[in-house]
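Colleague: What follows is a predicted structure for the sequence shown.
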Amino acid sequence: MYKLKAPAIHASEIAGLINQELVGNDIIVTKPCTLKTLSGNSFICLLKEDQYDIERLAQIPELLVISNLDFDASVRFSYIKSPSPKLDFIKTVNEFFIIWEEITIASSAKIHPNAKIGRNVSIGENVFIGPDVTIGDNTHILNNAVITNQVMIGKDCIIKHNSTIGSEGFDFEIDKLGIPIHYPHIGKIIIGNNVWIGSNTSVESGKINDTIIHNDVKIDDLVQIGYNCEIGERTMITAGVIVSRDVRIGTDCLLAPNATIRNNVTIGDSVTIGQGAVILKDAEAHAVYIGNPGKLLKKNS
């Protein structure tokens, strides 16, 4: 998806990008690094919780540090003081040090002629796209993804490898002979703009109502999104989460790894669900829930 490039840029260019002051020499920077991969002509993000040795950093030739820390005037590296160093580090990497792989539609992809594909859409190997699918501009569909039934995907989205968008939900009624009869799903999936859906993630079609994922939602690998769910803007769902059917999740929520949300539960805005928590009842807004069964840990101001 990304390729690393090694430009030679001045530290002052990075400072200009993030609108902060450069302290020290205007060195040449060629790559990002971490405390484990320190090397010359590189730049690193240091946070308050990082453990580091100033003397060790001083041994690295031509090092640029982006940090929220206060450094003594005697330090021998260049640095940029930032209130949001991790965010500024990411912006810098995106601007100067990566390029997208070439935008292509793989010859092995199976795209129905009635599907509507926007401009600059990249489609990987062995992707299947059905006839009732619409994909917005600048979206990337990676290898082996399956997008079928009635699906609308917005602009600037990323659908990672082996994900399935538009699968049938697991919904059966037992007839008089004890045989499970599947309830056909005829609803849509509506995905907004700038949405990220991870590898091996499944999003189920709505039963009659639609499954809706709003703008800027980020979903990690190995996540299950059940039918008729609605996920609010900027919510982040991490690896291994199970969101059962008919769940409503508000804006700006965070679901930690392996959390499970029971069907018909509503989660308010700005809620954090702890790792492995099992949420059986509605969760009020601006709060943190942990445990099995999930319980309120604290309210956020």
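Modeller: Now that the structure is in, tell me what you want to look at. Numbers count the residues shown, from 1 in each chain.

Colleague: Would you double-check that Phe96 falls in a helix?
Modeller: Yes - Phe96 sits within a helix when classified using DSSP: H, G, I helix; E, B strand; the rest coil.

Colleague: and Thr272, how many neighbours?
Modeller: 21 (other C-beta atoms under 10 Å). For glycine as for every other residue, the C-beta is placed from the backbone atoms N, C-alpha and C.

Colleague: wait, isn't it in contact with Leu254?
Modeller: Yes - with contact defined as C-beta atoms under 8 Å, Thr272 reaches Leu254; the gap is 4.8 Å.

Colleague: and the most centrally placed residue in the chain, what does it touch?
Modeller: Geometric centre of the chain, nearest residue: Lys218, 3.4 Å, by C-alpha atoms, centre = their mean. Lys218 makes contacts with 195-196, 235-237, as judged by C-beta atoms under 8 Å, 6 or more residues apart in numbering.

Colleague: ditto for Ile98
Modeller: Per C-beta under 8 Å, 6+ apart, neighbours of Ile98: 2-5.

Colleague: From Ser42, how far off is it?
Modeller: 15 Å (C-beta to C-beta, to the nearest Å).

Colleague: next one: Ile237
Modeller: 33 Å.

Colleague: Name the residues of stretch 54-65 that are buried.
Modeller: 57, 60, 62-65 (16 or more other C-beta atoms under 10 Å).

Colleague: Please narrow the residues you listed to those residing in strands.
Modeller: 63-65 (DSSP state E).

Colleague: picking that back up, quick check, nearest of the contacts of Ile98 to Gln150?
Modeller: Tyr2 (31.1 Å; C-beta to C-beta).

Colleague: Was I right to think that closest one contacts Asn94?
Modeller: No - the criterion here is C-beta under 8 Å, and Tyr2 misses it with Asn94 at 9.1 Å.

Colleague: Would you map the helices across the protein?
Modeller: 11-18, 54-58, 85-92 (DSSP state H).

Colleague: chain center to the last one, what's the gap?
Modeller: Put plainly, it is helix 85-92. 16 Å (C-alpha atoms, centre = their mean, to the nearest Å).

Colleague: Glu21 contacts Ile14, correct?
Modeller: No - between Glu21 and Ile14 there is no contact under C-beta under 8 Å: 11.4 Å.

Colleague: Now do the lowest-mean-pLDDT helix or strand in the chain: which elements does it pack against?
Modeller: Each helix and strand of the chain was given a mean pLDDT (mean pLDDT, DSSP states H and E); the minimum falls on strand 2-4 at a mean of 79. Packing partners of strand 2-4 (3 or more C-beta pairs under 8 Å, 6 or more residues apart in numbering; DSSP states H and E): strand 98-100.

Colleague: Run the chain-centre distance for the strand it packs on.
Modeller: 17 Å.

Colleague: That strand pairs with which strands, and in what direction?
Modeller: Strand 98-100 pairs in its sheet with strand 2-4 (antiparallel), by DSSP bridges.

Colleague: Contacts for the strand it pairs with next, please.
Modeller: 31, 97-101.

Colleague: Name the nearest of the contacts of Ile98 relative to Met152.
Modeller: Tyr2 (26.2 Å).

Colleague: The closest one: neighbour count?
Modeller: Neighbours of Tyr2 (other C-beta under 10 Å): 11.

Colleague: quick one: buried residues of stretch 256-275?
Modeller: 256, 258-262, 265-274.

Colleague: avg pLDDT for it?
Modeller: Averaged across stretch 256-275, the pLDDT comes to 98.

Colleague: quick one: terminal-to-terminal distance for stretch 93-101?
Modeller: 15 Å (C-alpha to C-alpha, to the nearest Å).

Colleague: same thing with stretch 3-18?
Modeller: So stretch 3-18: terminal residues 22 Å apart, C-alpha to C-alpha.

Colleague: which parts of that stretch are buried?
Modeller: 9, 11, 14-15, 18.

Colleague: got a list of what Ala285 touches?
Modeller: 250, 268-271.

Colleague: Next one: it from Arg248, what distance?
Modeller: From Ala285 over to Arg248 (counting by C-beta to C-beta), the distance is 12 Å.

Colleague: Next: Ile242.
Modeller: 15 Å.

Colleague: mind giving me the domain ranges of this protein?
Modeller: Listed domain ranges for the chain are 2-100, 110-299 (source: automatic domain parsing).

Colleague: which one of the ones you listed has the most crowded surroundings?
Modeller: domain 110-299 (a mean of 19; mean count of other C-beta atoms under 10 Å).

Colleague: which ones are touching the closest residue to Gln275 other than its chain neighbours?
Modeller: Ranked by C-beta to C-beta, 6 or more residues apart in numbering and with sequence neighbours excluded, the top spatial neighbour of Gln275 is Ala256, at 4.1 Å. Counting by C-beta under 8 Å, 6+ apart, Ala256 touches 238, 241, 272-277.

Colleague: That concludes my questions; thank you for your assistance.
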